[in-house]
Each structure stands twice: as structure tokens, then as C-alpha cells.
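Undergrad: For reference, the sequence and a predicted model appear below.
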Amino acid sequence: MADYDLIIIGTGSGNSLVTQDFADKKVAVVERGIFGGTCLNVGCIPTKMFVYAAEVATTIREAHRFGVDATLDGVRWADIRDRVFGRIDPISEGGRDYRVHGPNTEAYLGHATFVGERELEVEITQPGGRHTVGERHRITGDQIVIATGSRATLPRAIADSGVPVETSDTVMRLEELPASMAIIGGGVIGAEFAHVFSALGVDVTQVQRSERLLHHRLDPEISELFTEQARQHWDLRLNTEVTGATRTDTGVRLQLSHGDPLDVDVLLVATGRVPNSDGMGLDVAGVDVRPDGRVVVDEHGRTTTPGVWALGDVSAPVQLKHLANHEARVVAHNLVHPEDLRTFHHDTVPAAVFSHPQVATVGLTEQDARAAGYDVTVKVQRYGDTAYGWAMEDTTGVAKLIGDASTGLILGAHFMGPHASTLIQTVIHAMTFKQSAHEVARDQFWIHPALAEVVENALLGL
């Protein structure tokens, strides 16, 4: 008989799997890092708290546009940082203590390695639990869920250079605000931190290999518009690669493929995250892994080994907390209802970039929709052509909708501007429940003159 009914490896979204269905069962939770996963500790939540402070600073700097004279006297980095982690760290510690001392679960604070199909060896690497650091425990489970998330990765040239490097996992806990920073990478993480640190007064230089920012995630038209705006707020080096890095007395010197060497106090590498699937002995368990490191799962969350499941960043097609939460809800049901399996839904997964300007996206790009053979129609609606857009003096915000002219259905939505991540929700709803653009635009009231009229007018135009 197995030691546990359920073993969960990872305490991000995997932590929510301990539902009432397991109230009378034995559950083990294995965590080698910080309880709560990426989102709580080094991702979504702390970054957005920093972003909000950056937005306040930006609003003060731009107040003159509205006839308000205001000056930004300075920012107290330590206070900004401690406001964030003074709230987050206790939540993480509380979650850890609950699993260590609470009912129904036993916490193993260490690294798990498969030694059989549903058998693990756990080496205890952290103090504070019921086990001693250095101990090794063999445990078995009727079912095991791999929810180990992802980690920041470094290009080999940077990793081998020996220079001091920050990643998204560490940069938010800097002791003091640097005068200058280089950010390598033009994706979501790079775009958000470029906004945060530049708004707080740091001289930011962002280095991107391709011709525009966010080119993997966004509709090309929106990506180009975002890149134009980013250039107004921080130094942007496009079509540029870092060819070397050396330590200096004050920080780091970067050799670039174009231009002079770049000297900065802090180097932030934001070139992506990789799944935490390595070093776990998945091959021993018969769990298949894709070339990019993602664990192979079917539409129900099952791996190639019976009784072993996976969810979240370690296996999902995109690394997003709301997607991981969705998968956790599906797997939580499937663990106890094998006769009534639910399915992952990855077709209308939205995403947002909390930079300046804010960006949100869902569904197909115009390019992808045309390539798929749809009867494509497009509407680009400017924020500034609505009444609230006038009030905001907005000159750059846009909402781009892509639709199928033959059915009236919305295929994709791409917003750039204030509150983009909120405005797009109406379109996400419509796409999820297969409502036509005409139905959404005309069969409900839209508050006038709210900013939501951007969405209304875009739908009418579509």
C-alpha cells in the first residue's frame, strides 16, 4: 500500500489541489524552494505592486499635461520594496507553516527525485519542518502531481562570464536603487522591469536581439506601436546582441554587437524561464519530456505514466498563473473523478504586460487569422476617439479586434493603453461564450462616458 494517497511536488498552483475531497486521506507536499510558487514570491504579485508605484511616479511627472503643476521629489526604494515584501513574505511563510504543522498533510522541505513510477526519494534541504536537513526519505503515492513551475535562465555567455547578474527572481530585493541598469531581453519580464526602474529614476538601457519588443506574444502592429512608445521612456537597443561581459569596479561592462561598450551598475537578464523538470528522474518514472523541457501531458493533465499528473509552468504551453490555476482546478477534479475527466481549455487564454503602456491580448493575431483562412475583418479603435480618452489626453492607446466576417465571431483582441488588462475582459467573455461582435456591442448598455466605450466602438467598427 502506498504511503500517501496523493503527493504534490511544488506549492504554487499545486498547493490548491488539497481540496475537501482529500480531507480523510493522506497527502504529502514536497517543496525545495519558497512556498507559494513564482506568482506569489517573484512573479505576478510583487511585480505588479512595483508597477503600481511606478505608475504613481509616472502620473506625477506627466501631471503638467492636465494643467496640474507637480514635481516628483524622489522615491524611497527601501520603502517601496518593503511595502511589497512586508505583505508577501508573511503569506509565503504562513502557507509553509500551515503545510508543516496543519492537518492532513506532511511537508517535505527538499528535493524530490523519482526512483520508480510512483516512488520518490526526497532529500531534506531546508530546516523548519518535521524532518532534519540531510535526511533522505523514500515515499510512494497512489497519485503524484508534478507542479514544480519554472525558473529564470541565463544565456551561457553571461553565465560563464562571472559578472554579477540579477534575474526577475532577485532584482526586486536590491538593497538600493542603482543609478543605471541594463536589461537583456525584450519579452514580458524585460518590458515590465524597464518601466518599473525607469519610472523610479534609473537610467535603463534595454537590449533586444530582434527588431521590436514583445514580438513573440503580440500582434505585429501592436508590437510595433509598443516599441515606439517604449523608446520614449528608456534607451532601447534593437537588433543588438550582447557579445561579452566583464566585471568593473562599479558594476558590469557589456560588449554589444553594435555601438560602444555599455557600463552599468546593475545587469538584469530577462531572457525567459525554463520548466523545472530536470534533475527529477522523470525518465526513471517513464514520464516523457518535450525538447523544451515541458512535461508531456494529455488534455486531462495525465503524463505518460499512469497515476502521475502535471500542471502549470512545468508542462503548460504558456507560463501564466491564471492558466496554471485553471489546470489545477481541472486536475483537482480528475484526481478524484477518474470516470468523469475534465479537459484543459487553452484556446482563449489571455495575457497582459504591465508596462508603460499596458498591453493585453487574447486569441489570434491578424496575421495568424489570415493564415488560418478566416474571412478576416479588422477594427483598430483609438482610445483618444472616445470621451474618456479625451479626458485622459490619450494619444497612443489602441484596441485592435480581429473578427470572422462570415460568422460575426471575434477571433482575437489586442489592447495597448491605460487599463488594457481590464478593458479586454469583455472581449474574453464574448470569445469564451461564442457571442458575436454585434450581439456584445448592441445587446447591452455601455456606461457613457466610461473608458469601456473604447471596447464598444471597436465592436461596432468590427
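TA: Yep, that arrived.
Undergrad: where does this structure have its least confident helix or strand?
TA: None of the helices or strands of the chain scores lower by mean pLDDT, DSSP states H and E than helix 156-159, at a mean of 88.
Undergrad: Which other helices and strands does that helix contact?
TA: With contacts taken as 3 or more CB pairs under 8 Å, 6 or more residues apart in numbering; DSSP states H and E, helix 156-159 sits against strand 242-247. In this view, the C-beta of every residue, glycine as well, is placed from N, C-alpha and C.
Undergrad: Downstream of the strand it packs on, the next helix or strand is which one?
TA: Counting by DSSP states H and E, the next helix or strand C-terminal to strand 242-247 is strand 252-256.
Undergrad: Excluding residues flanking it in the chain, which one is nearest the spatially most central residue of the chain?
TA: The chain has residue 320 as the residue nearest its centroid, 4.7 Å off, counting by CA atoms, centre = their mean. Nearest non-adjacent residue to residue 320, counting by CB to CB, 6 or more residues apart in numbering: residue 351, 5.9 Å away.
Undergrad: my read: the one you found touches residue 363, true?
TA: No. Here residue 351 lies out of contact with residue 363, judged by CB atoms under 8 Å, at a distance of 10.7 Å.
Undergrad: Outline the domain layout of the chain.
TA: 4-41+81-151+274-336, 156-271, 357-461 (automatic domain parsing).
Undergrad: hang on, the earlier thing: export the least confident helix or strand of the chain as CSV, just CAs?
TA: Below are the C-alpha coordinates for helix 156-159, written out as CSV (Å, rounded to 0.1, in the frame of the first residue of the first chain):
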residue,chain,number,x,y,z
ARG,A,156,25.6,30.7,-21.5
ALA,A,157,27.9,33.7,-22.4
ILE,A,158,26.6,35.6,-19.4
ALA,A,159,26.6,32.7,-17.0
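Undergrad: contact partners of that helix?
TA: Contact with helix 156-159 is made by 165, 184, 242, 243, 244, 245, 267, 269, as judged by CB atoms under 8 Å, 6 or more residues apart in numbering.
Undergrad: Measure how far that helix is from the centre of its chain, please.
TA: Relative to the chain's own centre, helix 156-159 is displaced by 23 Å; criterion: CA atoms, centre = their mean, to the nearest Å.
Undergrad: pLDDT score for the residue nearest to residue 320?
TA: Note on residue 351: pLDDT of 98.
Undergrad: Which strand residues bridge it?
TA: Per DSSP bridges, the residues bridged to residue 351 are residue 361.
Undergrad: Next, count neighbours for it.
TA: Neighbour count of residue 351, defined by other CB atoms under 10 Å: 18.
Undergrad: Residue 292 now?
TA: So residue 292, with other CB under 10 Å, has 8 neighbours.
Undergrad: now the helices for this protein?
TA: Secondary structure of the chain, counting by DSSP state H: helices at 37-41, 44-61, 77-101, 156-159, 188-199, 220-233, 282-285, 321-336, 366-371, 387-391, 420-423, 425-432, 437-442, 453-461.
Undergrad: So for the least confident helix or strand of the chain, what gets flagged as buried?
TA: Within helix 156-159, the residues scored as buried using 16 or more other CB atoms under 10 Å are residue 158.
Undergrad: cool, and stretch 164-179?
TA: 165, 166, 167, 168, 169, 171, 172, 174, 177, 178.
Undergrad: from memory the fourth one sits against residue 44, does it?
TA: No. Under the criterion of CB under 8 Å, residue 168 lies out of contact with residue 44, with a separation of 10.9 Å.
Undergrad: What is the neighbour count of the closest residue to residue 460 other than its chain neighbours?
TA: In this structure, residue 460 finds its nearest non-sequential neighbour in residue 441, 5.1 Å apart by CB to CB, 6+ apart. The local packing of residue 441 (other CB under 10 Å) involves 20 other residues.
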